[in-house]
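Novice: coords please:
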Amino acid sequence: MPGMSRVLITIVSKQDEETVKQTLAGQLFQKDNALYVRYEEPGANGSPGGVRTLVKVTQEELKVIRHGEVESEQSFRLGSSLPGFYRSPYARFALVTHTRDLRVRMQGAAGEIHWAYEMEVHDAISGHFAVSLTIQEEVNRYDD
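Specialist: I've put the predicted structure just below:
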């Protein structure tokens, strides 16, 4: 796809007091008025082909779409409550995200996307979350 950059993505995800950090290879591209970040998370026990994730960033909204072992869709707009869903072999439920913070700082194929939210499931808050994606363009050392 023209205009696609290979990138390294460091994801720091906090849920209440627990923090998970992972670095994954991915792609970054622009289509229409949206920026897309695509990457694949390893499956259960580190097996390949786990979950394909697409993050769509527009001027006012962020959407995270996941396919594979887990299927989910979450949308984030600062100050808004937006519907979504989660499905896995073990559970399926509707959810609502209440976005408290949303910042996008990109320059070319590098930058940071940060968002914080509460997630509501079955009319009750199920947790407080903060996610940061730090994106770096992958440099091929053979491009001299």
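Novice: can you tell me which residues contact residue 134?
Specialist: Listed by C-beta atoms under 8 Å, 6 or more residues apart in numbering, the contact partners of residue 134 are 9, 10, 12, 111, 112. Using the backbone N, CA and C atoms, a C-beta is placed for each residue, glycine as well.
Novice: Ok, residue 92 next?
Specialist: 85, 86.
Novice: Kindly state the pLDDT recorded for it?
Specialist: On the pLDDT scale, residue 92 is placed at 95.
Novice: Across the sheet, point out what pairs with it.
Specialist: On the basis of DSSP bridges, residue 92 is bridged to residue 87.
Novice: now do residue 29
Specialist: The partner list for residue 29 in beta bridges (DSSP bridges) reads residue 36.
Novice: all strands for the chain, in order.
Specialist: Per DSSP state E, the chain carries strands over the ranges 5-15, 18-31, 34-41, 51-57, 62-68, 71-76, 81-87, 92-107, 110-121, 124-137.
Novice: Could you verify my assumption that residue 67 touches residue 52?
Specialist: Yes: counting by C-beta atoms under 8 Å, residue 67 does reach residue 52; the two are 4.9 Å apart.
Novice: Residue ranges in the protein under the pLDDT threshold?
Specialist: Applying pLDDT under 70 to the chain picks out residues 1-2, 44-49, 140-144.
Novice: ok, back up a step: of all pairs in the contacts of residue 134, which one is the farthest apart?
Specialist: Farthest pair in the contacts of residue 134 (C-beta to C-beta) is 12 and 111. Separation: 14.5 Å.
Novice: So between the two, which is more surrounded?
Specialist: residue 111 (18 against 15; other C-beta atoms under 10 Å).
Novice: dump the residue contacts of that one.
Specialist: Neighbouring residues of residue 111 by C-beta under 8 Å, 6+ apart: 104, 105, 134, 135.
Novice: Buried only: go through those residues for me.
Specialist: Neighbour counting over the contacts of residue 111 (16 or more other C-beta atoms under 10 Å) leaves 134, 135 as the buried ones.
Novice: would you turn the contacts of residue 111 into CSV with distance to residue 83?
Specialist: Converted to CSV, the contacts of residue 111 look like this (distance: C-beta to C-beta, whole Å):
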residue, distance to residue 83
104, 22
105, 27
134, 28
135, 27
